[in-house]
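J.: Provided below are the primary sequence and the corresponding predicted coordinates.
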Amino acid sequence: VQLQASGGGVVEPGGSLRLSCVASVRSFSSIALGWFRQAPGKEREFVAFVSWSGSNTYYSDSVKGRFTISKEHNKNTVHLQMNSLKAEDTAVYYCAAKYGSAWHGSYDFWGQGTLVTVSS
């Protein structure tokens, strides 16, 4: 599985941004996907998860209600819609994939990061 993330950029506080991650995989519906982020000087943290079917999602408390993760099966793509962005959302965002069904635990595949900067 290869993952290619895109969509990062600079946005003002309160603004929105949508990240996308295209998966090169034989069966997109067989993998669950997550988004993680790593801010400067901090450890990588979990952001959001979507199950293989796309019907189950899970979010960290810090983004719940502001971010939405979704799978676009016909394009082998997972999106992360980020609204009401805050300065503390500034980080490099990574998409990851796994064959398991739980949001926690290890992920088998990782994409390159895309930088999101929230600044006025």
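T.: Arrived safely.

J.: Tell me where this structure has strands.
T.: With DSSP state E as the criterion, the chain has strands at 2-6, 9-11, 17-24, 32-38, 45-50, 57-59, 67-72, 77-82, 91-98, 109-110, 114-118.

J.: Turn these into a markdown table, columns for mean neighbour count and mean pLDDT.
T.: In this view, the C-beta of every residue, glycine as well, is placed from N, C-alpha and C. A markdown table is the format used below for the strands of the chain (neighbours: other CB atoms under 10 Å; pLDDT from 0 to 100):
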| stretch | mean neighbour count | mean pLDDT |
| --- | --- | --- |
| strand 2-6 | 17 | 95 |
| strand 9-11 | 14 | 97 |
| strand 17-24 | 19 | 96 |
| strand 32-38 | 23 | 97 |
| strand 45-50 | 21 | 97 |
| strand 57-59 | 16 | 97 |
| strand 67-72 | 18 | 96 |
| strand 77-82 | 23 | 97 |
| strand 91-98 | 23 | 97 |
| strand 109-110 | 17 | 95 |
| strand 114-118 | 18 | 98 |
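
J.: List of residues touching stretch 96-109?
T.: Applying CB atoms under 8 Å, 6 or more residues apart in numbering, the contact partners of stretch 96-109 are 1-3, 23, 25, 30-36, 46, 49, 51-52, 58, 110-111.

J.: Please point out which parts of that stretch sit buried.
T.: 96, 97, 98, 103, 107, 109 (16 or more other CB atoms under 10 Å).

J.: Closest one to residue 84 out of these, please.
T.: Residue 84 has its nearest neighbour among the buried residues of stretch 96-109 in residue 103, at 22.1 Å by CB to CB.

J.: Next one, pLDDT for that closest one please.
T.: You'll see residue 103 listed with a pLDDT of 87.

J.: Right, I'll call it a day here.
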